[in-house]
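Peer 1: sharing a model prediction with you, sequence too.
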Amino acid sequence: MTANNGQEAVELGREFRLEIVIMDLGMPIMDGYQAARTIRSEPGGQDIQLVALTGWGQDDDRQNTHAKPVSTAT
């Protein structure tokens, strides 16, 4: 399956039981960082293997892909 933006990636994650997601960090509408955080916060999201790709390749981009997700629990 292919998503053309971050929001579509999140919707696919909700619709299908995904095992692995290869995601561009620089997607339109919702970037890959936000899409990954949203996917992780969904039921079963912690079980999905996320692989981040970017053409940017800056040190900050690499560090941000390893950042711990923000808890969405209230």
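Peer 2: Received it, and whenever you're ready, just let me know what you need. Numbering: from 1, shown residues only.
Peer 1: ok, E19 touching G45?
Peer 2: No - in this structure, E19 is not within contact of G45 by Cβ atoms under 8 Å, at 11.9 Å. In this view, the C-beta of every residue, glycine as well, is placed from N, C-alpha and C.
Peer 1: and stretch 18-33, which residues are buried?
Peer 2: 18, 21, 23-25, 27, 30, 32-33 (16 or more other Cβ atoms under 10 Å).
Peer 1: for the residue nearest the centre of the chain, phi and psi?
Peer 2: What sits nearest the mean C-alpha location of the chain, by Cα atoms, centre = their mean, is A36, with 2.0 Å. When read as degrees, to the nearest 10, the backbone of A36 gives phi -60, psi -40.
Peer 1: which non-adjacent residue is nearest it?
Peer 2: L50 (5.4 Å; Cβ to Cβ, 6 or more residues apart in numbering).
Peer 1: ok, now G44?
Peer 2: Leaving aside its sequence neighbours, G44 sits nearest to R17 (Cβ to Cβ, 6+ apart; 7.1 Å).
Peer 1: go on, G6?
Peer 2: M30 (3.0 Å).
Peer 1: return the member of the buried residues of stretch 18-33 nearest to E11.
Peer 2: M30 (10.3 Å; Cβ to Cβ).
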